[in-house]
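*Asks:* could you work out the structure for the sequence below:
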Amino acid sequence: MYSSFPPNHTNRSPETSLKMTKKPVQYSVIDAFTDSAFKGNPAAVCLLEEERDEGWMQSVAAEFNISETAFLSRIGTGIAESENSDPSPRFSLRWFTPVDEVELCGHATIASAHFLFSSGLVKTNKIEFITKSGLLTVQKVDGLNHVNTPWPSNNKAGEHFSIELNFPTIPVIDCDPTEHPSIPATLNGASMLNIKKTGNGDLIVELLSGEVVAGLQPQFDELQKCAGVGVIITGTAAPGSGYDFFTRYFCPKLGLNEDPVCGSCHCALVPYWSKKLGKNDLIAYMASPRGGKLDLHLEEDTQRVLIRGEAVTVMTGTLLV
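*Replies:* Next up, the predicted model:
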């Protein structure tokens, strides 16, 4: 015979009680580097009001199973730039793929800033993020790009805003011949014009044109065996296309066959293409099936890359565990 009394909660272990008192976590799924839903690169953004461990974060990222999941927690404010300005809010920011934590991510930073700006949690136009790559700043911008010329947009005023990331450059170095990728099925006859390596372990493969890059049919078993962490395949855009170069980024070792739009790889691609094309302002297209546009600027004196894009919120919800 079953008792009609509720179970004795006093017999719960301290660990079980702690788990049950955790606050629900608000999240949004945001498409970055696009002004249209279901394009660009999706990222989940979770706002933490209390500490969570790495194992939990990794489990959540695996549950979302999209290219990146970002975890935000407020840690105060920075220093005001002048007596007449407010200090920027400061947040801790961490990024996880479905299988591992990464040290730098562009699209999930765009998504995190979009979440904070659009939710009204941040009232200033600038946010500071403390990350594994140091202090990163983002800025909400309207109407003008980094060289003070009209910012192109198909949206009505006030409907959307752009976000500008201020990221460090990543060095591009020579690649040892033993590290050259062997990907004949992926290239399907296309010639590799140049092979380089980034300071964080990705391979850069330049092909004859952006059109060839866009038409690749990647063979992920080949790409998985390459020496690099990921393989960046890039080529010049056709004249009159409105872009300077096309790129695709394959990273099956990180649990992501193709990153739809990768902001961080442009920390290496901007110096690479700036030198080849002889200009510091560039427009790039990530030629994945989802596609995405990045407006870019190289600050040579400080070796920083400004990466600008829009974002769209497509989903909101609550994590209950």
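*Asks:* CA-only coordinates of stretch 274-285 in PDB, if you can.
*Replies:* The C-alpha trace of stretch 274-285 is given here as PDB (Å, rounded to 0.1, in the frame of the first residue of the first chain):
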ATOM      1  CA  SER A 274      45.100  42.900 -46.700                       C
ATOM      2  CA  LYS A 275      48.600  42.300 -47.700                       C
ATOM      3  CA  LYS A 276      47.700  40.500 -51.000                       C
ATOM      4  CA  LEU A 277      45.100  43.000 -52.100                       C
ATOM      5  CA  GLY A 278      46.800  46.200 -50.700                       C
ATOM      6  CA  LYS A 279      43.900  47.600 -48.700                       C
ATOM      7  CA  ASN A 280      42.800  47.600 -45.100                       C
ATOM      8  CA  ASP A 281      39.000  47.700 -45.600                       C
ATOM      9  CA  LEU A 282      37.600  44.400 -46.800                       C
ATOM     10  CA  ILE A 283      34.200  42.800 -47.400                       C
ATOM     11  CA  ALA A 284      34.100  39.000 -47.000                       C
ATOM     12  CA  TYR A 285      31.600  36.400 -47.700                       C
END
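*Asks:* can you list the neighbours in contact with it?
*Replies:* Outside of stretch 274-285, the residues within contact range by C-beta atoms under 8 Å, 6 or more residues apart in numbering are 146-147, 210, 236-237, 241-247, 266, 269-270, 273, 291-300. C-beta here means a position set from N, CA and C on the backbone, and glycine is covered the same way.
*Asks:* starting at the chain centroid, how far to that stretch?
*Replies:* Distance of stretch 274-285 from the chain centroid (C-alpha atoms, centre = their mean, to the nearest Å) equals 20 Å.
*Asks:* now residue 115. Its backbone dihedrals?
*Replies:* Per-residue torsions, residue 115: phi -60, psi -50 (degrees, to the nearest 10).
*Asks:* let me redo that: residue 253
*Replies:* Dihedral pair for residue 253: phi -70, psi -20, per degrees, to the nearest 10.
*Asks:* give the contact list for residue 34.
*Replies:* 40, 41, 261, 290, 291, 292, 293, 309, 310, 311, 312.
*Asks:* can you name the element that comes right after the lowest-mean-pLDDT helix or strand in the chain?
*Replies:* Using mean pLDDT, DSSP states H and E, helix 14-21 stands out as the lowest-scoring helix or strand of the chain, at a mean of 47. With elements assigned by DSSP states H and E, the helix or strand that comes after helix 14-21 is strand 25-32.
*Asks:* middle-most residue in the chain, spatially?
*Replies:* residue 107 (2.4 Å; C-alpha atoms, centre = their mean).
*Asks:* contacts only, for that residue.
*Replies:* Listed by C-beta under 8 Å, 6+ apart, the contact partners of residue 107 are 32, 33, 40, 41, 43, 67, 68, 261, 262, 263, 292, 309.
*Asks:* try residue 103
*Replies:* Counting by C-beta under 8 Å, 6+ apart, residue 103 has contacts 131, 132, 133, 200.
*Asks:* what do you get for residue 199?
*Replies:* Contacts for residue 199 (C-beta under 8 Å, 6+ apart) come out as 170, 171, 172, 173, 268.
*Asks:* in helices only, show me the residues you listed.
*Replies:* residue 268 (DSSP state H).
*Asks:* Throw the contacts of residue 199 into JSON lines and include neighbour count and distance to residue 305, thanks.
*Replies:* Formatted as JSON lines, these follow (neighbours: other C-beta atoms under 10 Å; distance: C-beta to C-beta, whole Å):
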{"residue": "170", "neighbour count": "24", "distance to residue 305": "9"}
{"residue": "171", "neighbour count": "14", "distance to residue 305": "12"}
{"residue": "172", "neighbour count": "19", "distance to residue 305": "12"}
{"residue": "173", "neighbour count": "12", "distance to residue 305": "17"}
{"residue": "268", "neighbour count": "23", "distance to residue 305": "9"}
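*Asks:* Throw the contacts of residue 199 into a markdown table and include distance to residue 97, thanks.
*Replies:* Listed next are those as a markdown table, based on distance: C-beta to C-beta, whole Å:
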| residue | distance to residue 97 |
| --- | --- |
| 170 | 18 |
| 171 | 23 |
| 172 | 23 |
| 173 | 24 |
| 268 | 18 |
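*Asks:* residue 230: which of the contacts of residue 199 is nearest?
*Replies:* Checking those against residue 230 with C-beta to C-beta, the nearest one is residue 268 at 11.1 Å.
*Asks:* and residue 288, how far from residue 186?
*Replies:* Taking C-beta to C-beta, to the nearest Å as the measure, residue 288 falls 14 Å from residue 186.
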